[in-house]
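Peer 1: predicted model and sequence follow; I will ask about them next.
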Amino acid sequence: MAGLIRTDDGFLLWREASDIFENFEDDEDSVSVFVGVCKSKELFVEYWRDEVLAYDFGFCYDEDFACIKFRENPTRDVDTLFDDADIFDLGELKKQYPGGLDQAYNAVYAVGNVKYSGIVKEFENEAFGYFKFLGVFKPSDAFFGASLS
């Protein structure tokens, strides 16, 4: 599995020899959506600011088009988890998960202008938690860039 690993010395290294740029394409009509179970809001903000998720899944993005959400209480309910994150049509996600998500999550990481196509679909990061790629969706008219609530 490709991804970022932390060595015993504390260094972050990309593992697997594949080219990181094969995992995504710039596409203004796409929002790549990831969810996770992160240990705390502070760790999730660090995960976003240090772009560790991008390394774990093997892609690059412009942080001006990223939106993150953290919930203290994990939930399987799409409306509750995404709340006011009006970045893509939640109806499409609800069609994929009509009974709710496969497990309870407390973190959302959505990246606009990126069509993720990497082989890594989920990743367990020892320091930050478990993250999963949900899919690529069409952006909403209201997508306005990075926010945190």
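Peer 2: Alright, I've got the coordinates. Numbering: from 1, shown residues only.
Peer 1: quick check: which element contains the residue nearest to Phe24 when sequence neighbours are not counted?
Peer 2: In space, and not counting its chain neighbours, Phe24 is closest to Phe59: 3.9 Å by C-beta to C-beta, 6 or more residues apart in numbering. Bear in mind the C-beta positions are built from the backbone N, C-alpha and C, glycine included. Phe59 belongs to no helix or strand when assigned by DSSP states H and E.
Peer 1: buried residues, the lengthiest strand in the chain. List them.
Peer 2: Longest strand of the chain, by residue count under DSSP state E: strand 24-38. The neighbour-count check on strand 24-38 (16 or more other C-beta atoms under 10 Å) flags 24, 30-38 as buried.
Peer 1: doesn't Asn113 make contact with the residue nearest to Phe24?
Peer 2: No. In this structure Phe59 lies outside contact range of Asn113 using C-beta atoms under 8 Å: 11.4 Å.
Peer 1: those two: which is more packed in?
Peer 2: Shown here are Phe59 and Asn113; by other C-beta atoms under 10 Å, Phe59 has more neighbours (23 against 20).
Peer 1: so how far is Phe137 from the more buried one?
Peer 2: From Phe59 across to Phe137, the span is 16 Å (C-beta to C-beta, to the nearest Å).
Peer 1: please apply the same query to Lys115.
Peer 2: As judged by C-beta to C-beta, Lys115 and Phe137 stand 10 Å apart.
Peer 1: ok, now Asp102?
Peer 2: Distance of Asp102 to Phe137, computed by C-beta to C-beta: 17 Å.
Peer 1: which one's more surrounded, those two?
Peer 2: Between Asp102 and Phe137, counted using other C-beta under 10 Å, Phe137 has the larger neighbour count: 20 against 11.
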